[in-house]
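In: Would you be able to build a 3D model of this:
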Amino acid sequence: MIETVCRHIKNYFISSVHPGKFTISGGQVIDTDFMTDGYYLIWGSRYNDGVHLYPDDTLTDEEFSGDIALIDPPEEFLTVCSEISEYLESDMASPSPYKKESFGGYSYEREDSDSSNWQKVFASRLNTWRKI
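Out: Numbers count the residues shown, from 1 in each chain. Model (predicted):
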């Protein structure tokens, strides 16, 4: 979810970028002296592009030339990402398509189609970190 939200706000909170040729073996990036516990972003990889949490042993083994960026998302941002995940797993993410109903002469009013998406629901809280 963190990667999806970062992509949406166009901000990965990059603190340093390390270009080079990298090896992933045993599900981990090996032979890097810059990796520390925390989040990092891989791009240029055939199988592992995206945000990962170090140490991670779920990567697909490969060698690639690309970049690994250490990222430092604020704790409040990570909290919002967790809340978005919870929201998507709850019934709130797919409310009834009806905003208003009445009986007798039956009528209803539809909810706007994108009013329940997480981007709209969490927009005000994510705008703090949004980049244009």
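In: how far does the lengthiest helix in the chain sit from the chain's center?
Out: For the chain, the longest helix by residue count, based on DSSP state H, is helix 75-89. From the chain centre to the centre of helix 75-89 is a distance of 10 Å (Cα atoms, centre = their mean, to the nearest Å).
In: Mean confidence (pLDDT) on it, please.
Out: Per-region confidence: helix 75-89 scores 95 on mean pLDDT.
In: Would you mind listing the buried residues in it?
Out: Across helix 75-89, burial judged by 16 or more other Cβ atoms under 10 Å covers 77, 80, 81, 84, 87. C-betas here are computed from N, CA, C, even on glycine.
In: Could I get the full set of helices for this protein?
Out: Per DSSP H, the chain carries helices over the ranges 2-9, 75-89, 118-121, 123-126.
In: Turn the ones you listed into TSV, columns for distance to residue 32.
Out: TSV is the format used below for the helices of the chain (distance: least, Cβ to Cβ, whole Å):
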stretch	distance to residue 32
helix 2-9	20
helix 75-89	23
helix 118-121	33
helix 123-126	31
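In: Would you tell me which of these gets closest to residue 69?
Out: Closest approach to residue 69 among these is made by helix 2-9 (11.1 Å; Cβ to Cβ).
In: between the closest one and helix 75-89, how many degrees?
Out: 100 degrees (axes from the mean of the first three to the mean of the last three Cα atoms, to 10 degrees).
In: Which of the buried residues of helix 75-89 sits closest to residue 127?
Out: The closest of the buried residues of helix 75-89, once distances to residue 127 are taken by Cβ to Cβ, is residue 80, at 11.0 Å.
In: Sweet, I'm off.
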